[in-house]
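Q: Here is the input, now give the coordinates:
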Amino acid sequence: MITLAHGNGGRLMRQLITEIFVKHFGALDTGADAALLPHFDGETMFTTDGFIVEPLEFPGGDIGTLAVHGTVNDLAVAGATPRYLAVTCLIEEGLPIATLERIAASMGRAARDCGVAIIAGDTKVLPRGQGGGLYLSVAGIGSKNRGVPPGLACIRPGDAILVTGTVGDHGTAILLARHEFGLQGDLMSDCASVLAFTRAAEAFTELRFMRDPTRGGLATVANEIAQATSCRVTLDEARLPLHEQVRGVCDMLGFDPLYLACEGRAVAVIGPAQAVSLLAAWRTLPGGGRAAIIGTVDAGRAQVVLRTTLGGERTLDELEDDPLPRIC
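A: This next block holds a predicted model:
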């Protein structure tokens, strides 16, 4: 039976994709955010994503900006320049026209800001009670930027791991927007394009890999790296950039911010000789002031270990439960 945990980006979702979709689809590449189309022209990359969120509008964005930035970011971290989007809107009966127009307007603005054109789409209306107001499915096409796109196979022991900014902001902002547990706050989602950061990273010859830590957060990306490389991934808690509201909410509710979604952050793995230079480049960009070198890829058993501020170590396993459903 399918549960919400099958969509959280963790172990159950990985098993679902591998045991059902890869089994029957054959050519499906699960190790990249976007696929290169070699039989087309060898320079075009393609991706697709689905978006559900509650509430539809939240501090820092809405489902429309989330859909545009999420698709653009998948292309960007795969080493492509986004060009075109196609959008499918699944609208639940009863959604106010004014809400739909606000979301469409913000979606159009986000696309223009990212330099992409929305050129195709489809619309379906679901009966009342059979949807969450509005679901979006977006496909994106982009052009490859370099000879060999960054990928998991390029990672080596000794490489450094960087993140472009604070982690867990989106997941926490959505929780606060729902007014659950009696909590309130003014934290904004990090929903944004990471194009400027990925373009800066691509100038470095030792760039190995990039990923946007959405569902399952930073810990899920780290586990993906460990499993793909059969290496130990070590993260340094003292270096992890966290917003104080994220830290406070997680402390009160027992959440781990490393598993909460980001929607405007990129993780990069790069050779150790160029890590400090990449960090300096990122910190000059708007929104990059809290970029950080957060860990390393090390020889050893495939696992993710957090080196704590108290001097101990804690294993970060793959996500099992789904603490915050419908966040992306």
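Q: quick one, what contacts residue 227?
A: Neighbouring residues of residue 227 by Cβ atoms under 8 Å, 6 or more residues apart in numbering: residue 302. In short, each C-beta sits where N, CA and C put it, glycine included.
Q: What helix or strand is it located in?
A: helix 217-229 (DSSP states H and E).
Q: Same check on residue 110?
A: Going by DSSP H and E, residue 110 is part of helix 97-114.
Q: Could you identify the helix or strand that succeeds that helix?
A: Next along from helix 97-114, by DSSP H and E: strand 117-126.
Q: Are there helices or strands packed against that next one, and which ones?
A: strand 80-92, helix 97-114 (3 or more Cβ pairs under 8 Å, 6 or more residues apart in numbering; DSSP states H and E).
Q: Note down every partner strand of the shortest one and its orientation.
A: If you go by DSSP bridges, strand 80-92 pairs up with strand 117-126 (parallel), strand 134-144 (antiparallel).
Q: How far does the very next helix or strand once past the longest one sit from its chain's centre?
A: Remark: after strand 134-144, the chain's next helix or strand is strand 160-163, criterion DSSP H and E. The gap between the average C-alpha position of strand 160-163 and the chain average comes to 15 Å, counting by Cα atoms, centre = their mean, to the nearest Å.
Q: residues making contact with the helix or strand bottoming out on mean pLDDT in the chain?
A: Lowest by mean pLDDT, DSSP states H and E among the helices and strands of the chain is helix 11-16, with a mean of 82. Helix 11-16 has contacts (Cβ under 8 Å, 6+ apart) with 2-3, 5-7, 30, 215-216, 318-320.
Q: What number of residues are in the vicinity of the residue nearest to residue 64 when sequence neighbours are not counted?
A: Closest residue to residue 64 apart from its sequence neighbours, by Cβ to Cβ, 6 or more residues apart in numbering: residue 107 at 3.3 Å. Residues within reach of residue 107, counting by other Cβ atoms under 10 Å, total 24.
Q: I figured residue 107 hits residue 68, correct?
A: Yes: Residue 107 lies in contact with residue 68 (Cβ atoms under 8 Å); the separation is 5.6 Å.
Q: Nearest to the spatial middle of this structure, which residue is it?
A: residue 214 (2.8 Å; Cα atoms, centre = their mean).
Q: Doesn't that one lie inside a strand?
A: No: Residue 214 is assigned coil when assessed by DSSP: H, G, I helix; E, B strand; the rest coil, not a strand.
Q: where do the strands sit along the stretch 151-300 of the chain?
A: 160-163, 207-211, 232-236, 267-270, 292-298 (DSSP state E, counting those that start in this stretch).
Q: ok, back up a step: looking at the helices and strands packed on strand 117-126, which one is packed in the most?
A: Compared across the helices and strands packed on strand 117-126, strand 80-92 shows the largest average neighbour count, a mean of 20 (mean count of other Cβ atoms under 10 Å).
Q: what's residue 202 in contact with, if anything?
A: 79, 145-146, 150.
Q: Nothing else from me, thank you.
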